[in-house]
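Enquirer: No sequence on hand, only this structure:
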């Protein structure tokens, strides 16, 4: 059985700031431990340190058993890697190396044979390939191919040989996650590190993951912000907050109460420490004053000094972390009564023709299984519909989105300006810029604000400390908050949100809901977040049979 021991671990950011210190916890044999905490507190950094991706310069990380790792974004738009590349990236190191060598020698052999099947170069390439094939078998490659075939059949309904060269980007985010999770949960590794494993999964997929985690004998350390999944699967919670971490030995259902109790206890301990510190200081000052006139009291003065110094050196108890204060001011603006009009709209290969009218002020949740066309629908609207009106120009980079093949029409109403939030945060033009650079100098938004104003708006989103940090180095949750900020500044009157709460911590998700409630415009959101969905008043279901229908209540279990 595998396990992970983390003892007194700390991490310093490249700019010299301390991210966290003295973090200690254990992932015992077969246990399911959830890392929770605010975005940017260091959860993903901790996972990377346990995985060996980052050096452990302070403290110790010990592991036993094979280690399987699933990172937060396992497939990005524009990535030309194949499903075989993804499968190998999740395999044990020896198998991964053997697989890469096999692929390289096979490619070299084909290239050599193309220039002359019986040449010396072709013969050498064939020998190298045969040697790599033997190493592949010794590393367990043939057993792995059986596993790959099983998972491909389960997730994609096709054998491995038919899909191994398929680009990862052609799979939906949910299919990518399901493929990776099936490989890891069925694979040989005894310890799994999962960063946001539920992101991109639909609700049936999340329920599947909850059940698989509960029944698995593997030791699992994972990060998630889905409260339902945490309540159903975690048997211990490690809270990363306030520059350190603490362990709640119970499940997530009792964690909130335990956190309130812990904070109250820390407040009381700090109050008592302050009172004792004041008494010791007053005693020392009293003896200091008296010793100035009475040499016989000098020893008592020195003793009081020593006692105060030792008390201060021991230090006060930790202060409870300050609750986040995120204020999203999504303003919007008045538009025509009809914000979106769809007439016999058919997304090629995904839906049958459907009609839909969305009115100004509506809050529409778009539901359905992965791969049914929900994100395609949002992208089509983000580009201005099928016949975009120049007066309704898309904002926030929506014009860079790939076109969506379709029949029928989707029109935006008068003065409707769509702003798009991408599920994968795929904004390559922002990756190398700092947040202040984006806001101060302005990109396509032309915000025109100076540095002082930029820091002010970043502060409202709890991102002031990251102002000089590049967008590409932010945590997934911090990126999500910043992208919502760009929507706030964009002047959008129609918000098109594709899984906006996937990477947001609880406080950020609540702030988003409050911001949407105050938004004077129309909101259409693709979501699998059961809690977030309750804040919507209309529900459009993309069914597995290609029908698109409106339902009076949220519907999750769809084929």
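Expert: Great, that's in hand. Quantities reported herein were computed from a predicted structural model and do not represent experimental measurements. Numbers count the residues shown, from 1 in each chain.
Enquirer: List the buried residues of the top helix by length along the chain.
Expert: Taking DSSP state H as the criterion, the chain has its longest helix at helix 255-291. By neighbour count on 16 or more other CB atoms under 10 Å, the buried set for helix 255-291 is 255, 259, 266, 280, 283, 284, 287, 288, 291. (C-beta placed from N, C-alpha, C; glycine too.)
Enquirer: just checking, what packs against it?
Expert: Under the contact definition 3 or more CB pairs under 8 Å, 6 or more residues apart in numbering; DSSP states H and E, helix 255-291 sits against strand 236-241, strand 244-248, helix 298-314.
Enquirer: Which helix or strand contains residue 111?
Expert: According to DSSP states H and E, residue 111 maps onto helix 93-115.
Enquirer: what residue ranges in the chain score low on pLDDT?
Expert: Judged by pLDDT under 70, the chain has its weakly predicted residues at 73-79, 114-119, 121-122, 323-325, 387-402, 441-448, 557-559.
Enquirer: ranges for the strands of the stretch 301-450 of the chain?
Expert: Ranges of strands in the stretch 301-450 of the chain, per DSSP state E, counting those that start in this stretch, are 338-347, 354-359, 363-368, 406-412, 418-421.
Enquirer: could you measure residue 109 against residue 130, distance?
Expert: The gap separating residue 109 from residue 130 is 9 Å, by CB to CB, to the nearest Å.
Enquirer: Which one's more surrounded, these two?
Expert: Using other CB atoms under 10 Å, the more surrounded residue of residue 109 and residue 130 is residue 109, with 21 against 12.
Enquirer: Pretty sure that one sits against residue 126.
Expert: Yes: look at residue 109 against residue 126 with CB atoms under 8 Å: they come within range, at 5.6 Å.
Enquirer: So residue 245 is in contact with residue 318, correct?
Expert: No: Residue 245 is beyond contact range of residue 318, at 11.1 Å (criterion: CB under 8 Å).
Enquirer: Compare the two (neighbour count), which wins?
Expert: Taking other CB under 10 Å, residue 245 and residue 318 do not tie; residue 245 has more neighbours (24 against 14).
Enquirer: The closest residue to the more buried one other than its chain neighbours sits in which helix or strand?
Expert: Once flanking residues are discounted, residue 245 sits nearest to residue 23: 4.4 Å by CB to CB, 6 or more residues apart in numbering. Residue 23 is part of strand 18-27, with elements assigned from DSSP H and E.
Enquirer: packing partners for that strand?
Expert: strand 3-12, helix 43-51, strand 58-64, strand 219-223, strand 236-241, strand 244-248.
Enquirer: Which residues belonging to that strand are considered buried?
Expert: Within strand 18-27, the residues scored as buried using 16+ other CB under 10 Å are 19, 20, 23, 24, 25, 26, 27.
Enquirer: go on, stretch 37-54?
Expert: For stretch 37-54, by 16+ other CB under 10 Å, it's 37-51.
Enquirer: Of those residues, which is the nearest to residue 211?
Expert: residue 47 (22.9 Å; CB to CB).
Enquirer: Between the buried residues of strand 18-27, which sits nearest residue 415?
Expert: Nearest to residue 415 out of the buried residues of strand 18-27 is residue 19 (CB to CB; 44.6 Å).
Enquirer: correct me, but the closest one touches residue 45?
Expert: Yes: with contact defined as CB under 8 Å, residue 19 counts as touching residue 45 (6.2 Å).
Enquirer: anything in contact with each of the two?
Expert: When contacts are counted by CB atoms under 8 Å, 6 or more residues apart in numbering, residue 19 and residue 45 have residue 11 as shared neighbours.
Enquirer: what would the buried residues of strand 18-27 look like in TSV with distance to residue 304?
Expert: Compiled in TSV, the buried residues of strand 18-27 are given as follows (distance: CB to CB, whole Å):
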residue	distance to residue 304
19	38
20	36
23	37
24	35
25	40
26	42
27	47
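Enquirer: in the stretch 401-550 of the chain, which spans are helices?
Expert: Shown for the stretch 401-550 of the chain, the helices assigned by DSSP state H, counting those that start in this stretch span residues 435-440, 451-460, 476-490, 506-517.
Enquirer: Tell me which of the ones you listed sits nearest to residue 529.
Expert: helix 506-517 (7.7 Å).
Enquirer: Go through the helices and strands packed on helix 255-291 and pick out the most buried.
Expert: Stretch with highest mean neighbour count among these: strand 236-241 (a mean of 23; mean count of other CB atoms under 10 Å).
Enquirer: what's the angle from it to strand 244-248?
Expert: Angle of strand 236-241 versus strand 244-248, following axes from the mean of the first three to the mean of the last three CA atoms, to 10 degrees, is 160 degrees.
Enquirer: now for strand 236-241, which elements pack on it?
Expert: Against strand 236-241 (3+ CB pairs under 8 Å, 6+ apart) you get strand 18-27, strand 32-36, strand 244-248, helix 255-291.
Enquirer: mind running it again at 6 Å?
Expert: Here strand 236-241 touches strand 32-36, strand 244-248, going by 3 or more CB pairs under 6 Å, 6 or more residues apart in numbering; DSSP states H and E.
Enquirer: ok, residues contacting that strand?
Expert: By CB atoms under 6 Å, 6 or more residues apart in numbering, the residues outside strand 236-241 that reach it are 25, 33-37, 41-43, 245-249, 252, 255, 321.
Enquirer: Spatially nearest residue to residue 185, not counting backbone neighbours?
Expert: residue 212 is the one closest to residue 185 (CB to CB, 6+ apart), at 5.5 Å.
Enquirer: Now do the SS call for the one you found.
Expert: Put simply, residue 212 is helix when judged by DSSP: H, G, I helix; E, B strand; the rest coil.
Enquirer: Hmm, it is touching residue 182, no?
Expert: No: with contact defined as CB atoms under 6 Å, residue 212 does not count as touching residue 182 (8.7 Å).
Enquirer: still on that earlier bit, what's the most distant pair in the buried residues of stretch 37-54?
Expert: Greatest spatial distance among these (CB to CB): 38 and 51, at 21.5 Å.
Enquirer: returning to that earlier point: any chance of the helices and strands packed on strand 236-241 in a markdown table, plus distance to residue 202?
Expert: Below are these laid out as a markdown table (distance: least, CB to CB, whole Å):
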| stretch | distance to residue 202 |
| --- | --- |
| strand 32-36 | 21 |
| strand 244-248 | 29 |
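Enquirer: And the ones you listed: which comes nearest residue 365?
Expert: Closest to residue 365 of these is strand 32-36 (CB to CB; 25.1 Å).
Enquirer: neighbouring strands for that closest one, and are they parallel or not?
Expert: strand 219-223 (parallel), strand 236-241 (parallel) (DSSP bridges).
Enquirer: Next, format the buried residues of helix 255-291 as CSV and append distance to residue 413.
Expert: Shown next, in CSV, are the buried residues of helix 255-291 (distance: CB to CB, whole Å):
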residue, distance to residue 413
255, 45
259, 45
266, 53
280, 70
283, 74
284, 74
287, 79
288, 77
291, 83
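Enquirer: ok, these vs residue 154, which is closest?
Expert: residue 255 (32.8 Å).
Enquirer: so that closest one touches residue 246, yeah?
Expert: No: applying CB under 6 Å as the test, residue 255 and residue 246 come out as separate, 10.5 Å apart.
Enquirer: related to what we said a few turns ago, can you tell me which of the strands of the stretch 301-450 of the chain is most buried?
Expert: Using mean count of other CB under 10 Å, the stretch among the strands of the stretch 301-450 of the chain with the greatest mean number of neighbours is strand 418-421 (a mean of 26).
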